[in-house]
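>>> Sequence and predicted model, in that order:
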Amino acid sequence: MPEGPELHLSSRFVNLVCKNRIFGGQIIKSDVSRQPVVEWEAPHYTISAESRGKEVKLTLTSQSDAQNDRLQTTSNEKPRTLNIVFQFGMSGKFDFYEAGELMKHAHLNFFTVDEPKMVLSFVDYRRFGKWQVGADWSEERGPCVLFEYPKFRENVLNNLNKPLFNRSICEVMLNQQYFNGIGNYLRAEILYRLKIPPFVSARSVLEPLVANIADDTDQPKIKIEGPDFLHLCHLVPLEVINLGGTGYDPVKGGESYSAFEKWLQCYCKPNMKNMADHNKRTIWYSGQAGPMAPTEVKVRGKKQSRKKIKKEDQSEVKKIKLEEKSTSENEDLKEIIVKSNKQNSATEDNVDVAQVEELKKESGKKKMKLQKSRVEEKNGNAVSDLKVSKHTSVTDLKLSDYPTDGTRVTRSRVKVFLNQAGLKLKSSQKDGATAENKETKIKKRSARGKRGN
DNA sequence: CGTCCACGTCTAC
DNA sequence: TAGACCTGGACGG
């Protein structure tokens, strides 16, 4: 799910599905999650959401029991609220569906009180996502590129003296202290729109903009054609929001995703180039890489048609001499920026409600992916009385359930074994929690040419 | 089987 | 500037 637009669409999704709904009871966290438990037990509460950059804040508000005209005391108590701030990692998202069985990888779950019982789940199969209870937006992250544009712009332009901005523009764009909401696909799309080579110094791109620091008006003091770089850091993610789908959410066959794929002009496109940046993140671009490109360039296999390019450049390390290291780069760049294409002005913030309704339906279809519910577990229906079902996962298995022919228990073997049993691999059993595990890992590493021992 | 790759942070040599 | 943290899909042999 997760760059700025996806987080925002997620917050809208939450607001939509939680509207006029009352939640209650315990908030259930999965066992495998290492994130904090949410201590909040209100008989009745509501949920609303808000996004900022790459964070989503849920606000729980307890409802007074006035309507329940009870003699009990609770009605006089404070109308409490609790904030939970989420980061989505690589795979986090919210889902809303009929309670009963929880989705696989559902790590934090909020239940409605009314029938049919529904559940709002934070679902995150890679578990890089995080949440903080009772927190606010994290201090380390800058203003949101989407919804705090003037502040965002100022924050960047007032800090250009920082050494960070000596680095290449594509790498600086992932720094959330300044570009809160920009991620790997957005940086590619934004640079591509302006034909800015990814590996030119950030300062050289940004310094020309200082004259227009507070460019929240549409009247820049220096006349340029079309939106400038910082402007696009705002407009391009807005475009994704206005696509109305779920943004980058590769649910195959999902229609909203194909709209998103169509929208992409550069990221993962077969006619574009790519290489790993200094952080080993793939940057997609066209034209020149720029003078600050890593000298040993690793080209990643193209996403779509790896087969086709088989023998050519598939995952090979190529030493590429970067042709022009010209120092006149700055001058070139200014030209480039001024030449920037006129941009389709993204209309303001409005996603079709009907489309979000679509989302709801889609999430209803996902019942196949359900996991043995922890609620069941609580009711004494222990997971340990393991039956082979699609809802069972590796963490439910004991070591003795694994093949015992003496061979290594590798992750792949576990996968195969489970497939035979109709199961799926899950969570903390990665490479098999055996003694051999460590050896295997080390072997793997040294095989990769890294100093393993 | 194994290897590589993925929308993102984090910390530790 | 490597890795760690994770799961799982695509693809290679």
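Great, that's in hand. Residues are numbered from 1 along each chain as shown, chains lettered A, B, ... in the order given.
>>> near DNA strand B, anything from stretch A:185-198?
Yes: using CB under 7 Å from any atom of the strand, stretch A:185-198 reaches DNA strand B at residue A:185. Bear in mind the C-beta positions are built from the backbone N, C-alpha and C, glycine included.
>>> Show me what that stretch is in contact with.
Residues outside stretch A:185-198 that contact it (CB atoms under 8 Å, 6 or more residues apart in numbering) are A:3-5, A:168-170, A:173-174, A:182, A:205, A:229, A:232-233, A:236-237, A:240, A:248, A:264-268, A:272, A:277, A:283-290, A:293, A:333, A:336-337, A:339-341, A:343.
>>> Please narrow those residues to those residing in strands.
Among those, the ones falling in strands (DSSP state E) are A:283-285.
>>> Any chance of the residues you listed in JSON lines with pLDDT, neighbour count and distance to DNA strand C as columns?
Below are those laid out as JSON lines (pLDDT from 0 to 100; neighbours: other CB atoms under 10 Å; distance: CB to the nearest atom of the strand, whole Å):
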{"residue": "A:283", "pLDDT": "98", "neighbour count": "26", "distance to DNA strand C": "15"}
{"residue": "A:284", "pLDDT": "98", "neighbour count": "26", "distance to DNA strand C": "17"}
{"residue": "A:285", "pLDDT": "98", "neighbour count": "24", "distance to DNA strand C": "20"}
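>>> still on that earlier bit, from the contacts of stretch A:185-198, which are also near DNA strand B?
Answer for these near DNA strand B (CB under 7 Å from any atom of the strand): A:3, A:174, A:248.
>>> Who wins on neighbours among those?
The most crowded member of those, judged by other CB atoms under 10 Å, is residue A:3 (22 neighbours).
>>> pretty sure that one contacts residue A:183?
Yes: between residue A:3 and residue A:183 there is a contact under CB atoms under 8 Å: 3.4 Å.
>>> so what's the closest residue to DNA strand C within the stretch 151-300 of chain A closest to, chain neighbours aside?
In the stretch 151-300 of chain A, the residue that lies nearest DNA strand C is residue A:278 (5.3 Å; CB to the nearest atom of the strand). What sits nearest to residue A:278 in space, not counting adjacent residues and going by CB to CB, 6 or more residues apart in numbering, is residue A:294, at 5.8 Å.
>>> Next up, the contacts around that neighbour.
A:275-278.
>>> okay, these in CSV with pLDDT and distance to residue A:104 next?
Listed next are the contacts of residue A:294 as CSV, based on pLDDT from 0 to 100; distance: CB to CB, whole Å:
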residue, pLDDT, distance to residue A:104
A:275, 97, 35
A:276, 97, 31
A:277, 97, 33
A:278, 97, 36
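>>> of these, closest to DNA strand B?
Among these, residue A:276 lies closest to DNA strand B (CB to the nearest atom of the strand), at 7.6 Å.
>>> wait, doesn't that closest one sit right on residue A:298?
Yes: using CB under 8 Å, residue A:276 makes contact with residue A:298 at a distance of 4.4 Å.
>>> Backbone torsions only: list them for residue A:187.
Main-chain torsions, residue A:187, degrees, to the nearest 10: phi -60, psi -40.
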